[in-house]
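Colleague: Sequence plus predicted model, see below.
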Amino acid sequence: MNRRSVCFFCALILALSVGCAPAPVQKADYFIFFPKPPELPRIQFLTSFTSEKDLLPDTSAFDKFIIGEKRDKKIDKPYGVAIYKSKIYVCDTNQGVVVFDLDKKRMDPLAGAQGSGRLIQPLNISVDRDGNKYVADTGRGQVVIFDKDDQYLNAVGKFSDWRPVDVAVFGDLLYVADIKNGVIRVFDKTSVAEVKEFGKKGKPEENLYMPTNIAFDTEGSLYITDTGRFKVFKYDRDGHMLNTLGSLGSSSGSFARPKGIATDRNNRIYVVDAAFANVQVFDPGGQLLLYFSKQGFYPGDLYLPAQIIVDYDHVRYFEKYADPDFEVEALIIVTSQFDRRLVNVFGLGKLRGKQYPDDKALLEELKEKAKKLMEQNKESSPKGDEQGK
């Protein structure tokens, strides 16, 4: 080895050793919170990932340099997302279901998605308490079922009869949003026989038009985003319409293109709007509490967001990204269909040592602020006798 080669080799080792050194602690003003100061933060953007390399530790320059070309697998156009036992399942409508393993730092295709389990255009995925996965595949025209080990089990429905776009599990039943017929179809989870359908036999204002995404709360109420009617429907699990929230509009609490929906342990409702590129959070009564994110290309922004989930079991994997003073209670995972940040992870929580109002008190604060703002606008507007001058 000549002298030039030795110098290059030493420089390479030095560069890699520096890259592997512990990363400096992030400054507090780097963290992205919602709402913004001086309001008390309730949600923090934590991180995002699109490729297998994004699972590697931030300081692993050696991995990125030596095996980076081998770890360049990435998702293309994600929609649905689920998380179960350290694995994040993402429905990539162009590639199938891909699995991000948070423990092994790997990204692989769903193991059983071949042969009878082959997927064509998976849109959404749900996981039951036993680890079985249910994939709504619009291209195949079925809900495809995989077991706890990701192996193919069964399929629900016949192609051309319907168009399944989302699936949710409650007890021993599968609830599937059929956007083609504008109904929710209910199946027995074991026999996969259809039990009933609902969404078309009520009063005109109670009927569904384009049910897009569905989610249950802890009490068994089913929330349905209807993109065609620009609102969220609330049904009981027997198919009776209970309430609606939102309407077509551009103001807070309204929708332009509602899509993904989720609930948390307090039965708050999280609704993704693809047109606004944000997530609006409502209390169980349908009152808007806050919203977060916007369209853009920076960390914390979304671009054509699609689906959302709330998870309490995997916080430990993402705590390292949080402000040391921000205690993360749950994860909020939102997919974007475009941009370089396709799976976005936010943290729901509170600043340590700060007193937060409960949701009821928060609503009263918001109403009071809105009232004061209206009064200020009224005072600053020109009076009637001065408008003609």
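Modeller: Great, that's in hand. Numbering: from 1, shown residues only.

Colleague: what's around the residue lying closest to Arg265 once chain neighbours are set aside, how many residues?
Modeller: For Arg265, ignoring the flanking residues on the chain, the nearest one in space by CB to CB, 6 or more residues apart in numbering is Thr218 at 6.5 Å. C-betas here are computed from N, CA, C, even on glycine. Thr218 has 11 neighbours, counted by other CB atoms under 10 Å.

Colleague: Look at Thr218 and tell me its secondary structure.
Modeller: coil (DSSP: H, G, I helix; E, B strand; the rest coil).

Colleague: Look up how far Asn266 lies from it.
Modeller: 8 Å (CB to CB, to the nearest Å).

Colleague: ok, for the residue nearest to the spatial centre of the chain, nearest residue in space, not its chain neighbours?
Modeller: What sits nearest the mean C-alpha location of the chain, by CA atoms, centre = their mean, is Ile308, with 1.8 Å. Of all residues not flanking Ile308 in the chain, Gly260 sits nearest, at 4.2 Å (CB to CB, 6+ apart).

Colleague: pLDDT weak spots in the stretch 101-250 of the chain?
Modeller: Low-confidence segments of the stretch 101-250 of the chain (pLDDT under 70): none present.

Colleague: As a check, name the ranges of all helices in the chain.
Modeller: 3-19, 61-66, 359-380 (DSSP state H).

Colleague: Where among these is average confidence lowest?
Modeller: For the helices of the chain, mean pLDDT drops lowest on helix 3-19, to a mean of 37.

Colleague: and Ser126, what does it touch?
Modeller: 82, 133-134, 166-169 (CB atoms under 8 Å, 6 or more residues apart in numbering).

Colleague: Is it bridged to anything, and to what?
Modeller: Tyr134 (DSSP bridges).

Colleague: how close does it sit to Cys91?
Modeller: For Ser126 relative to Cys91 (CB to CB), the value is 11 Å.

Colleague: now swap in Ser191 and tell me
Modeller: 25 Å.

Colleague: more neighbours, the two?
Modeller: In this view Ser191 and Cys91 are compared by other CB under 10 Å, and Cys91 has more residues nearby, 28 against 10.

Colleague: Identify the residues contacting the nearest residue to that one once chain neighbours are set aside.
Modeller: Nearest residue to Cys91, sequence neighbours excluded (CB to CB, 6+ apart): Gly80, at 3.7 Å. For Gly80, the contact set (CB under 8 Å, 6+ apart) comprises 90-91, 122-125, 135-136, 166, 306-307, 335.

Colleague: quick one, strands of the stretch 1-150 of the chain?
Modeller: Taking DSSP state E, counting those that start in this stretch as the test, the strands found in the stretch 1-150 of the chain are 32-34, 43-49, 78-84, 87-92, 96-101, 106-109, 122-127, 133-137, 142-146.

Colleague: Would you mind saying which of those lies nearest Met210?
Modeller: Closest of the strands of the stretch 1-150 of the chain to Met210 is strand 122-127, at 13.6 Å (criterion: CB to CB).

Colleague: Let me see the backbone angles for the nearest residue to Arg229 once chain neighbours are set aside.
Modeller: Nearest non-adjacent residue to Arg229, counting by CB to CB, 6+ apart: Tyr209, 4.9 Å away. Taking degrees, to the nearest 10, you get phi -120, psi -60 for the backbone angles of Tyr209.

Colleague: can you tell me which residues contact Tyr209?
Modeller: Counted by CB under 8 Å, 6+ apart, Tyr209 has contacts 182, 226, 228-229.

Colleague: Next one: it from Pro57, what distance?
Modeller: 47 Å.

Colleague: what does Ala322 give?
Modeller: Distance from Ala322 to Pro57, by CB to CB: 16 Å.

Colleague: Neighbour count for these two, which is higher?
Modeller: Ranked by neighbour count (other CB under 10 Å), Ala322 and Pro57 place Ala322 first, with 19 against 12.

Colleague: What residue, apart from its backbone neighbours, is nearest the more buried one spatially?
Modeller: Using CB to CB, 6+ apart, the nearest residue to Ala322 is Val328, at 5.1 Å.

Colleague: Count the neighbours of the one you found for me.
Modeller: 22.

Colleague: doesn't Leu351 make contact with it?
Modeller: No: under the criterion of CB atoms under 8 Å, Val328 makes no contact with Leu351, lying 11.1 Å away.

Colleague: buried residues in stretch 113-131?
Modeller: 113, 117, 119, 121-128 (16 or more other CB atoms under 10 Å).

Colleague: can you give me the offset of that stretch from its chain's centre?
Modeller: Offset of stretch 113-131 from its chain centre (CA atoms, centre = their mean, to the nearest Å): 18 Å.

Colleague: Span of that stretch from start to end?
Modeller: The straight-line separation of the ends of stretch 113-131 (CA to CA, to the nearest Å) is 16 Å.

Colleague: what's stretch 95-114 in contact with?
Modeller: Residues contacting stretch 95-114 (CB under 8 Å, 6+ apart): 49, 51-52, 55-56, 73-76, 86-92, 117, 119, 122, 125, 133, 135, 144, 146-147, 149-152, 314, 317, 343.
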